[in-house]
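Engineer: Provided below are the primary sequence and the corresponding predicted coordinates.
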Amino acid sequence: MGLKIRVFAVEYKSFELQEDESRGQWSIQITERGMGEPSAALMHHVGHKFHEVFQLKQGHYADLPPAKISEMMKSNSLDNAPTQSLLSVVNGILEESFERKNVEMPHRVASLLRKVMQEIERRISNQAEHLRTQNNLYKAREERYQSRLRVLETLATGTSEETQIVMNQLQHIKTEKIKMEEKKKIEEQDVVRLMKEKDRGVFEISALKQELEIAKKTYEQRCLQLETHAKESEVKLQEKLNELECLLTESRKRVKELEAFSELKCESWSKKEHSYQSFMDYQFRALRELKVHSESFKLEILETQRGYSEEFSHLGSKLKGLADAAENYHMVLAENRRLYNEVQDLKGNIRVYVRIRPFLPGQNKKQTTIEYIGENGELVVVNPSKQGKDSHRLFKFNKVFGPSATQEEVFLDTQPLIRSVLDGFNVCIFAYGQTGSGKTYTMTGPNASSKQDWGVNYRALNDLFHISQNRRSSFIYEVGVQMVEIYNEQVRDLLSSDAVPDASMHPVKSTTNVLELMKIGLMNRAVGATALNERSSRSHSVLTVHVRGTDMETSAALRGSLHLVDLAGSERVDRSEATGDRLKEAQHINKSLSALGDVIFALAQKSSHVPYRNSKLTQVLQSSLGGQAKTLMFVQLNPDVDSHSETLSTLKFAERVSGVELGAARSNKEGRDVRELMEQVASLKDTIAKKNEEIERLQLHKDLRTVPPNVNGEKRGASSFRYRSSSPSRHSIGGPSQQNRRLSGGKGSGLIEKAALDQDNCSEYSDKKSETGSQQSMDDFRHHKEFVRQSKLAGGDVGQNFSADVELLGFGDADSEERLSDISDGGLSMGTETDGSTCSVVEFTLFPEGAKPAENTEK
Ligand SMILES: Nc1ncnc2c1ncn2[C@@H]1O[C@H](COP(=O)(O)OP(=O)(O)OP(=O)(O)O)[C@@H](O)[C@H]1O
């Protein structure tokens, strides 16, 4: 069998190697072939360079440029060129050299030719080698087939069983084939399914692509925006950069300056350091010297200390002696004070306590008229509008309470006086001062519900009840309270809600009683506004406490009364800017205060006549202003600069009052004998009064018969009724004791009358000094009785409360009766004292400009 190998094909020829088996030789067979044969495929693999050379058949190789030839000679080019092309090149070159005959072939073409020939040789030897290898392979394969053939022949002649096995195997292979076909079907279905999925996938891919497109567009827009933004930012950043650069330049400049400055500083510091160093060296040297000195000083000081301690111990012993002496001195001082008070008591001086109220909210606290408050009652007042010595004035009183003094402190200094009421003394405490200076604060207190705020009134009554309770084993006390207001010279009972004009005495058993009564009284008190103080009260308020005590052992009785008076404001009329009703009120207030001053100074001068009747105020206070009473005046001051002139006139008045000596106070204690005597005196008085009445009646009859009636007749009659002893009858007052008085009438009436008058608080001095005065007092006495009697006969209620209370309390004697009727009598006449001998000091104090109220002219 011959083997035929197509080696290569060029254009229309193919070169084939053919083995001649019989000869064992190979031959090349070149055959013609048509277009589209494998040479085309081969041509495709040939480098186009050689193809170009191949196409140069009609040209001349000698004309090829050397570069082209060297490029062709590169082994790679030749390797890739088809053998046909190489042969064509060889043929071409040989033909060209034949044509040119004797013309020598260019060297480079010859090299190319050699190279191409070498390549062709190499290829042919390769082919031969390859053919030999193939031949060997085929021989081996042939042997294998031969042996197989033999096996198959053996097999073909083998047993039918083996055939059967082969058949089975064939069957098995068929089954396998069917299975494979089924599997194929399934796989085809899978392919269909996968195709569908693929379509779906394609569809999804297209949707995704669309989305991607949209996203891409959005992204592009966003990119655009970002780009714009980035550009803007870039511009801004650029600006910022420029600024920063400017700053940087400036800072660099500054740094340079600072560096220069710090260098200078450094230099100066180093110089300073140097100088300090030398200074410190010097100081250290000085210090060493000082240490040496101090050592010597220490020694000296120790020496001196020793000396001092010796002297101190010596002084200590001396000081102890001094301290003992000082203690004794204090004791002596306290004793002195006690003795001074006793002397005052004996002299009966009117005590004067000054109280300065604190500044009220809204007042200028910086400017005050009070410069100094001494512990011993000294007070320095300054006039801020004046300079020098004249601007200061020193006053001295029993006590001065500063703005910080509490209600309790004030009361503690008043307590002994108040307690003496229980021992039968008459006590009068009144607060005097301009409007708003704190009179009501001191007497009543700002708030009755707070015990701490209680003024003197509450505290006094509370104290009296307290002491009377403590003494209940030896004394029985009965306490009655009366509260009146004097407004425009009219006396008003503040405790009777039905506004009855007489003042009633209210028995009280406890402080609670008193608190209730005083609450009613304060509510009834007339208050109104003025330019100075909205809470100003333009009336005098008098709280009277009557105490009657009986000694359970001796049956001796004692009577004491306490008048607590909150006077109306003492300022001058012009200052309160009052007109009309207010002016009238102010004039009444001034008049009554003048009358108070008159009484005080008449008492001080031991004047024969004391003008109690010049005002309702003095009439009410009569029993407590007499020689046997203890009197205390609270002088209230407003520290404000605007009130300086009022403060000064108030203090001047107080200064004069404090100098007044009333004589030692006397207790109203009565033994049993004295009381019986008193009752006899009263009865005799009654008899005399009756006789006088009869005489008067007879006289009247006689006058009527002798004198013809005229126009003044009636008035004269009335006048005689008022001023003469017009037979006051005592049948309406007095109770059981009246009988005794009547029985004991007659003998020794002069003496008895004198004794009775000694007990009477009315015009004590006038009674003692002159017969005329005594007669006048008696006249007044009868006149009051007559008034009460007339009132009762007239069927009015006047005096009913009064007598009831008097009887209730057992104050049925003439003295009490007169005192109470004085207060209740709204129709009492003025000016029964006609001598007018006492010059009114108060008038000058209160009316320095001579603007006296009209009422005073009657004096
Ligand atoms: N010692 C004090 N401490 C605190 N406040 C006081 C003191 N004294 C007075 N006051 C206050 O000063 C104001 C005037 O006081 P108060 O009404 O007692 O004066 P007054 O002299 O009674 O006046 P009037 O003449 O109008 O009755 C009140 O608001 C009162 O509370």
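Structural biologist: That came through fine.
Engineer: other SSEs contacting the helix or strand where residue 603 lies?
Structural biologist: Here residue 603, judged by DSSP states H and E, is contained in helix 580-604. Here helix 580-604 touches strand 475-487, helix 616-625, helix 644-658, helix 841-846, going by 3 or more Cβ pairs under 8 Å, 6 or more residues apart in numbering; DSSP states H and E. Every residue, glycine included, has its C-beta placed from N, CA and C.
Engineer: just the ones you listed: most buried one?
Structural biologist: Of all the helices and strands packed on helix 580-604, helix 616-625 has the most neighbours on average by mean count of other Cβ atoms under 10 Å, namely a mean of 25.
Engineer: the helix or strand just after that helix pairs with which strands, parallel or anti?
Structural biologist: Sequence-wise, the next helix or strand downstream of helix 616-625 (DSSP H and E) is strand 629-637. Strand 629-637 pairs in its sheet with strand 351-356 (parallel), strand 426-433 (parallel), by DSSP bridges.
Engineer: and these: which comes nearest the ligand?
Structural biologist: strand 426-433 (5.5 Å; Cβ to the nearest ligand atom).
Engineer: after that closest one, which helix or strand is next?
Structural biologist: helix 439-443.
Engineer: average pLDDT across that following helix?
Structural biologist: Average pLDDT, helix 439-443: 94.
Engineer: for stretch 257-276, same thing?
Structural biologist: Stretch 257-276 comes out at a mean pLDDT of 93.
Engineer: mind naming the longest helix for the chain?
Structural biologist: helix 160-347 (DSSP state H).
Engineer: next, the angle from it to strand 351-356.
Structural biologist: If you take axes from the mean of the first three to the mean of the last three Cα atoms, to 10 degrees, helix 160-347 sits at 150 degrees to strand 351-356.
Engineer: who does helix 160-347 touch, helix- and strand-wise?
Structural biologist: By 3+ Cβ pairs under 8 Å, 6+ apart, helix 160-347 packs against no helix or strand.
Engineer: ok, residue 67 - how many residues close by?
Structural biologist: Residue 67 has 8 neighbours, counted by other Cβ atoms under 10 Å.
Engineer: got any ranges where the stretch 551-700 of the chain has weak pLDDT?
Structural biologist: Counting by pLDDT under 70, the stretch 551-700 of the chain shows low-confidence ranges at 572-578, 627, 662-678.
Engineer: near the ligand, which residues of it?
Structural biologist: Residues of the stretch 551-700 of the chain lying close to the ligand by Cβ under 6 Å from any ligand atom are 569, 636.
Engineer: for the closest residue to the ligand within the stretch 551-700 of the chain, grab the count of nearby residues.
Structural biologist: The ligand sits closest to residue 569 of the stretch 551-700 of the chain, with a gap of 3.6 Å, by Cβ to the nearest ligand atom. Residue 569 has 25 neighbours, counted by other Cβ under 10 Å.
Engineer: just want the angle from the longest helix of the chain to helix 644-658.
Structural biologist: 50 degrees.
Engineer: in the helix holding residue 603, what counts as buried?
Structural biologist: Neighbour counts over helix 580-604 (16 or more other Cβ atoms under 10 Å) mark 582, 585-604 as buried.
Engineer: cool, and stretch 635-642?
Structural biologist: 635-641.
Engineer: endpoints of it, how far apart?
Structural biologist: 18 Å (Cα to Cα, to the nearest Å).
Engineer: give me the contacts around that stretch.
Structural biologist: With Cβ atoms under 8 Å, 6 or more residues apart in numbering as the test, stretch 635-642 has contacts from 352-359, 363-364, 367-370, 384, 397, 403, 431-434, 436-439, 442, 643, 646-647, 650-651, 654.
Engineer: now residue 630, which residues is it bridged with?
Structural biologist: Taking DSSP bridges as the rule, residue 630 bridges to residue 427.
Engineer: next one: it relative to residue 425, how far apart?
Structural biologist: Applying Cβ to Cβ, to the nearest Å, the value for residue 630 to residue 425 is 6 Å.
Engineer: please apply the same query to residue 374.
Structural biologist: Counting by Cβ to Cβ - residue 374 and residue 425 are separated by 29 Å.
Engineer: which stretches of the stretch 1-150 of the chain have low pLDDT?
Structural biologist: Confidence mapping of the stretch 1-150 of the chain against pLDDT under 70 gives the ranges 1-63, 74-77, 100-105.
Engineer: can you do 80?
Structural biologist: 1-86, 88-90, 92-110, 112 (pLDDT under 80).
Engineer: so where do the strands sit in it?
Structural biologist: Counting by DSSP state E, counting those that start in this stretch, the stretch 1-150 of the chain has strands at residues 4-10, 13-20, 25-32.
Engineer: A strand includes the residue of the stretch 551-700 of the chain closest to the ligand, no?
Structural biologist: No - according to DSSP: H, G, I helix; E, B strand; the rest coil, residue 569 belongs to no strand; its state is coil.
Engineer: just checking, it touches residue 434?
Structural biologist: Yes - between residue 569 and residue 434 there is a contact under Cβ atoms under 8 Å: 5.5 Å.
Engineer: tally of neighbours for the closest residue to residue 510 other than its chain neighbours?
Structural biologist: Ranked by Cβ to Cβ, 6 or more residues apart in numbering and with sequence neighbours excluded, the top spatial neighbour of residue 510 is residue 465, at 6.2 Å. Residue 465 sits with 19 neighbouring residues when counted by other Cβ under 10 Å.
Engineer: now residue 465: how far from the ligand?
Structural biologist: 25 Å (Cβ to the nearest ligand atom, to the nearest Å).
Engineer: that residue: which element?
Structural biologist: helix 456-470.
Engineer: circling back to that earlier point, which among the contacts of stretch 635-642 end up buried?
Structural biologist: By 16+ other Cβ under 10 Å, the contacts of stretch 635-642 give 352-357, 359, 368-370, 397, 431-434, 436-439, 442, 643, 646-647, 650-651, 654 as buried.
Engineer: buried residues in stretch 171-188?
Structural biologist: Of the residues in stretch 171-188, none count as buried by neighbour count, 16+ other Cβ under 10 Å.
Engineer: could you pull up the mean pLDDT of that stretch?
Structural biologist: 90.
Engineer: and what of stretch 386-403?
Structural biologist: Averaging pLDDT residue by residue across stretch 386-403 gives 88.
Engineer: list the buried ones in that stretch?
Structural biologist: 393, 395, 397-401.
Engineer: could you check how far the residue of the stretch 551-700 of the chain closest to the ligand is from residue 598?
Structural biologist: 19 Å.
Engineer: again with residue 436
Structural biologist: 26 Å.
Engineer: what number of residues lie near residue 68?
Structural biologist: Count around residue 68 with other Cβ under 10 Å applied: 17.
Engineer: kindly report the domain assignment for the protein.
Structural biologist: 46-156, 161-346, 348-668, 681-828 (automatic domain parsing).
Engineer: wait, what's in contact with residue 213?
Structural biologist: Applying Cβ under 8 Å, 6+ apart, no residues qualify as near residue 213.
Engineer: okay, residue 539: pLDDT?
Structural biologist: 84.
Engineer: please look at it and residue 566 and confirm they touch.
Structural biologist: No - applying Cβ under 8 Å, one finds residue 539 not in contact with residue 566, separated by 9.0 Å.
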